[in-house]
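Asker: Need a 3D model of the sequence below.
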Amino acid sequence: MILIIGASGFIGNSIYKYFKFKRHDVQGTYFKNKIKDLIYFDISKNNIEELKFNKKLKYIIISSAININLDEAKKNWKDSYYINVERVKIIINYCYKNKIIPIYISSDAVFDGVKGNYGENDRKNPILSYGRIKNEVENYLLNSNKDFLIVRTGRVFGIDQNDGTLLTKMKKNLLNNKKIKCSNDQIFSTLYVSDLSINLEKLIKNNCKGIFHLMSIKSTTHLEIAKEIKKFFNIKGVEILPSSINSFDIVEKRPLLINLLGNKFENLFNIKYNNLKYYLEKIYKNEKKNN
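Answerer: Have a look, this model is predicted:
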């Protein structure tokens, strides 16, 4: 049986729905967003021991608090650290005590963004508070000498009009503004949320352990995305202004070259990537279906 901690969030819920659809034996937890069939679990107070299951857990996917605003970790450092490091370590300890494999969804923020094209074994040096949180949990797993699975991602996006993720949010900004600033100096990888679920299933089915980088688009910038969306949807009357990512109103300076290499996963599963237009077509079809 698979348990997803944070199955009511954007990423966790996508994984939960996909695993349910594929008839995996899966259960999930919610905290604020109550969803039918999910179990209430407050990671800051409750312990996994309080949750009762009819079958033995084989995996626990830790998917809570992974899609937060990057600056929130800095602004609310004490709470962020307590929930996302100290409490997550307790879940990991529970896993190892009960012979459960923890699956941790991590981030490109564990890197400093100096060189780009980061592989799984490249040196980590987070400059963001969010990245330091992810790095500490990663290191706890790495130093455990036990089985684990770490999945690192870049920006995770969806295709639903109001999901507030990278592509749909950019489209809204282009439609609602006459001028829009987009960074052209931060290079990153992106991951479609459904690709995350599909690829995570592959890793689990093949009993994969260790660290894997997952992506849908290997390397891009906000400026490239904005231009492609403007062209694809034929959006008129908006000017796109190239800018530096660190010229925006942000609390912490952002790493610049944070695109990931996915050779390890690609070689294992013979992956072929789609381009940005492929995902814009998905957005278009989804909008057409819902309107």
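
Asker: The stretch 1-150 of the chain: strands as residue ranges?
Answerer: For the stretch 1-150 of the chain, the strands defined by DSSP state E, counting those that start in this stretch cover 2-5, 26-30, 39-40, 59-62, 101-107, 149-153.

Asker: contacts for the helix or strand of the chain with the lowest mean pLDDT?
Answerer: Ranked by mean pLDDT, DSSP states H and E, the weakest helix or strand in the chain is helix 70-75, scoring a mean of 86. With contacts defined as CB atoms under 8 Å, 6 or more residues apart in numbering, helix 70-75 is touched by 80, 84, 109, 128, 129, 130, 133, 250, 251, 252, 254. The C-beta positions use only the backbone N, C-alpha and C, and glycine is treated the same way.

Asker: again, only using 6 Å
Answerer: Contacting residues not belonging to helix 70-75 are listed as 80, 128, 129, 130, 133, 251, 252 [CB atoms under 6 Å, 6 or more residues apart in numbering].

Asker: Could you do stretch 93-109 as well?
Answerer: Contacts of stretch 93-109 (CB under 6 Å, 6+ apart): 48, 57, 59-63, 66, 92, 126, 128, 130-131, 134, 138, 146-152, 154, 258, 260.

Asker: Can you flag the buried ones in those?
Answerer: 48, 57, 59-63, 66, 92, 126, 128, 130-131, 134, 138, 148-152, 154, 258, 260 (16 or more other CB atoms under 10 Å).

Asker: which intervals of the stretch 1-150 of the chain have sub-threshold pLDDT?
Answerer: 65-68 (pLDDT under 70).

Asker: follow-up on the earlier one: and the least confident helix or strand of the chain, how far out from the chain's middle?
Answerer: 16 Å (CA atoms, centre = their mean, to the nearest Å).

Asker: just stretch 255-269 next, same as before
Answerer: On CA atoms, centre = their mean, the centre of stretch 255-269 falls 14 Å from that of its chain.

Asker: CA-only coordinates of that stretch in CSV, if you can.
Answerer: The C-alpha trace of stretch 255-269 is given here as CSV (Å, rounded to 0.1, in the frame of the first residue of the first chain):
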residue,chain,number,x,y,z
PRO,A,255,19.7,31.1,-8.5
LEU,A,256,20.0,31.6,-12.2
LEU,A,257,21.2,28.4,-14.0
ILE,A,258,19.1,25.7,-12.3
ASN,A,259,18.1,23.4,-15.3
LEU,A,260,18.4,19.7,-14.5
LEU,A,261,19.9,16.8,-16.4
GLY,A,262,17.6,13.7,-16.5
ASN,A,263,20.1,11.2,-18.1
LYS,A,264,19.6,8.7,-15.3
PHE,A,265,15.9,8.4,-15.8
GLU,A,266,16.0,8.8,-19.6
ASN,A,267,18.5,5.9,-20.0
LEU,A,268,16.5,3.7,-17.8
PHE,A,269,13.1,4.2,-19.5
